[in-house]
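[1] sequence? don't have it. structure:
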């Protein structure tokens with residue numbers, strides 16, 4: 001959230017290779033630090049926090065990447081290029097857990113390279129792979145990436161990021177950016193990521209409460225569900241490239257929000273069937289009237305109970321468990337499929353429209369603010385849903401989300417006509 005505007009501003013005035021290389025180098029260094037976090041004799045947790053913080057700082061280069069794509073593509077190419085980028089990002093989210101599962105075969109002990117004091121195990125192998133891929137990316141950036149900028153029509157523009165720009169290139173078109181559309185798009189992007197972040201967060205506690213899954217079952221089944229949503233997102237991104245040419249980005253964004261609303265509306269609890277109540281954690285300090293024989297029987301049963309999995313069901317400490325109907329598995333899966341359709345559609349359309357609204361001028365800072373708003377959403381979304389769900393239950397939590405989506409759709413309706421490309425707004429290109 002902090003790094004995105006910084007790297008974006010940097011990319012506005014210097015070759016984009018610089019912020020990209022530096023940001024990836026920071027991520028590589030952070031991953032290496034994480035791999036050695038067990039070596040110091042003390043303060044290991046602080047080293048780990050520093051390492052993860054630096055990884056997050058390095059991830060701020062997303063703003064530079066989106067700015068580069070916006071500047072290197074015409075209006076007709078923009079949506080397809082942004083969708084390809086989002087598809088690659090979704091593919092990374094899918095393959096990440098797969099690699100993590102494979103690395104689990106190494107075990108906790110793994111092998112140790114004594115010469116450099118490097119321990120390769122199931123925890124350090126993923127970050128070492130990340131460091132290797134980061135180095136590979138730096139090599140590709142330095143050898144393959146070239147500065148390229150075109151206007152909305154696809155004509156070569158004068159490139160302030162490259163000192164040797166030719167003199168026959170066209171200058172940036174003059175005109176003011178529609179700041180109302182910019183702010184509205186940032187709000188839309190925030191809400192879209194806020195909603196999906198809270199959905200990812202609530203999946204595990206929701207399924208454990210509603211279906212009495214153990215923590216191990218929830219991690220496995222929910223991991224499969226989220227991986228399937230990742231595959232679904234890749235398919236949606238590919239389909240959007242064709243659909244946007246027929247109906248336009250604004251219509252897809254509106255349709256995606258409606259689908260998301262339907263998905264969360266389906267998640268509202270209905271019916272008369274209630275979840276299994278988890279009574280095991282309920283403790284009573286009073287002394288019951290029990291006979292000596294009942295005490296002996298209770299003590300006899302205690303060693304034979306399986307305490308490995310722990311209690312399952314909806315904890316009685318959550319008062320709403322006693323009166324809120326359960327969300328059936330079919331409801332949950334249907335909702336997940338719909339949200340898996342709506343979220344990627346809204347996600348890619350929001351920053352595609354944003355890039356078109358900004359026009360052919362350098363977009364680094366603006367993309368930085370957009371990325372920062374998305375990062376804030378991923379921080380606040382889990383906090384919001386965790387507090388509301390635990391206190392009031394899924395009925396209130398998902399009702400509030402539905403209300404939030406309705407307000408977002410209303411905002412989109414208000415600014416719908418303003419979400420047009422810079423060149424279209426100034427009459428240089430017909431929409």
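    Perfect, I can see it now. In this text the structure is predicted, and so the values were computed from the model without any measurement.
[2] what secondary structure does residue 119 sit in?
    strand (DSSP: H, G, I helix; E, B strand; the rest coil).
[3] Leaving out the residues flanking it, which one is nearest to it?
    Excluding its sequence neighbours, the residue lying closest to residue 119 (C-beta to C-beta, 6 or more residues apart in numbering) is residue 112, at 4.9 Å. All C-beta atoms are positioned from the backbone trio N, CA, C, and that covers glycine.
[4] So what are the sheet partners of the strand or helix carrying that neighbour and their directions?
    According to DSSP states H and E, residue 112 maps onto strand 111-113. Paired strands of strand 111-113, with direction, are strand 118-120 (antiparallel) (DSSP bridges).
[5] Distance from the partner strand to the middle of the chain?
    Computed by C-alpha atoms, centre = their mean, to the nearest Å, the chain-centroid distance of strand 118-120 equals 30 Å.
[6] One more: stretch 361-373?
    How far stretch 361-373 lies from its chain's middle: 17 Å, per C-alpha atoms, centre = their mean.
[7] isn't residue 312 right next to residue 216, touching?
    No - using C-beta atoms under 8 Å, residue 312 makes no contact with residue 216, being 10.8 Å away.
[8] So between these two, which is more surrounded?
    Taking neighbours as other C-beta atoms under 10 Å, residue 312 and residue 216 compare with residue 312 leading, 18 against 11.
[9] Spatially nearest residue to the more buried one, not counting backbone neighbours?
    Counting by C-beta to C-beta, 6+ apart, the residue nearest residue 312 is residue 212, at 4.2 Å.
[10] what sits against that neighbour?
    Residue 212 makes contacts with 275-276, 278, 312-313, as judged by C-beta atoms under 8 Å, 6 or more residues apart in numbering.
[11] Let me see the mean pLDDT of the helix or strand containing residue 138.
    In this structure, residue 138 sits in helix 125-143 according to DSSP H and E. Helix 125-143 shows a mean pLDDT of 93.
[12] now for that helix, which elements pack on it?
    Using 3 or more C-beta pairs under 8 Å, 6 or more residues apart in numbering; DSSP states H and E, the elements in contact with helix 125-143 are helix 17-35, helix 75-103.
[13] Any idea which of those helices has the lowest pLDDT on average?
    Here the helices and strands packed on helix 125-143 differ in mean pLDDT, and the lowest is helix 75-103 at a mean of 81.
[14] tell me the angle of that one relative to helix 125-143?
    Angle, helix 75-103 to helix 125-143, by axes from the mean of the first three to the mean of the last three C-alpha atoms, to 10 degrees: 150 degrees.
[15] picking up where we left off before, surely the residue nearest to residue 119 meets residue 120?
    Yes - using C-beta under 8 Å, residue 112 and residue 120 qualify as a contacting pair, with a distance of 7.4 Å.
[16] C-terminal to the helix holding residue 138, what's the next element?
    Next helix or strand after helix 125-143 toward the C-terminus (DSSP H and E): helix 179-211.
[17] Counting by contacts, list what that following helix packs against.
    The elements that helix 179-211 packs onto, with contact taken as 3+ C-beta pairs under 8 Å, 6+ apart, are helix 215-247, helix 249-266, strand 314-315, helix 329-358, helix 364-392, helix 394-415.
[18] Work out the gap between that helix and the centre of the chain.
    Centre-to-centre, helix 179-211 and its host chain are 9 Å apart (C-alpha atoms, centre = their mean).
[19] which parts of it are buried?
    Within helix 179-211, the residues scored as buried using 16 or more other C-beta atoms under 10 Å are 181-182, 184-211.
[20] any idea of the mean pLDDT for that helix?
    In this model, helix 179-211 has a mean pLDDT of 92.
[21] got the angle for that helix vs helix 215-247?
    Using the same axes, to 10 degrees: helix 179-211 against helix 215-247 is 150 degrees.
[22] Now for the contacts of residue 212: which two are most distant?
    Using C-beta to C-beta, the pair of the contacts of residue 212 lying farthest apart is 275 and 312, separated by 10.3 Å.
[23] pLDDT weak spots in the chain?
    For the chain, applying pLDDT under 70 flags the ranges 151-174, 280-310, 426-431.
[24] same thing but at 50, please
    Within the chain, the ranges that satisfy pLDDT under 50 run 160, 163-170, 281-308.
[25] so how many other residues sit close to the nearest residue to residue 205 once chain neighbours are set aside?
    Nearest residue to residue 205 in three dimensions, chain neighbours excluded: residue 389, at 6.8 Å (C-beta to C-beta, 6+ apart). Here the count is done by other C-beta under 10 Å, and residue 389 has 21 residues near it.
[26] list the contacts for residue 389?
    With contact set as C-beta under 8 Å, 6+ apart, residue 389 has these partners: 202, 205-206, 397.
[27] tell me which of those is nearest to residue 271?
    Checking those against residue 271 by C-beta to C-beta gives residue 206 as the nearest, at 16.3 Å.
[28] so the closest one makes contact with residue 332?
    Yes - under the criterion of C-beta under 8 Å, residue 206 makes contact with residue 332 at 7.4 Å.
[29] and the gap between the residue nearest to residue 205 and residue 323?
    Distance of residue 389 to residue 323, computed by C-beta to C-beta, to the nearest Å: 15 Å.
[30] can you check residue 93 too?
    For residue 93, the distance to residue 323 - C-beta to C-beta - is 37 Å.
[31] which one of these two has more residues nearby?
    The residue with more neighbours, out of residue 93 and residue 323, is residue 93; 14 against 10, by other C-beta under 10 Å.
[32] so who does that one touch?
    By C-beta under 8 Å, 6+ apart, the contact list for residue 93 reads residue 230.
[33] Compute the number of surrounding residues for the closest residue to residue 276 other than its chain neighbours.
    Distances taken as C-beta to C-beta, 6+ apart put residue 313 closest to residue 276, at 3.8 Å, once the chain neighbours are dropped. Neighbourhood size, residue 313 [other C-beta under 10 Å]: 19.
[34] I'd say residue 313 and residue 210 touch.
    No - taking contacts as C-beta under 8 Å, residue 313 lies outside contact range of residue 210: 9.1 Å.
[35] check contacts around residue 109.
    Counting by C-beta under 8 Å, 6+ apart, residue 109 makes contact with residue 121.
[36] Need phi/psi at it.
    Main-chain dihedrals, residue 109, degrees, to the nearest 10: phi -80, psi -50.
[37] how near is it to residue 34?
    Applying C-beta to C-beta to residue 109 and residue 34 gives a distance of 18 Å.
[38] Residue 361 too?
    Counting by C-beta to C-beta, the gap from residue 361 to residue 34 is 38 Å.
[39] So which of those two has more stuff around it?
    Per other C-beta under 10 Å, whichever of residue 361 and residue 34 has more neighbours is residue 34, with 23 against 20.
[40] State the helix or strand in which the spatially closest residue to the more buried one that is not a sequence neighbour lies.
    The shortest distance from residue 34 to any non-neighbouring residue, by C-beta to C-beta, 6+ apart, is to residue 51 (4.0 Å). Assigned by DSSP H and E, residue 51 belongs to helix 44-58.
[41] Fine, thanks again, bye for now.
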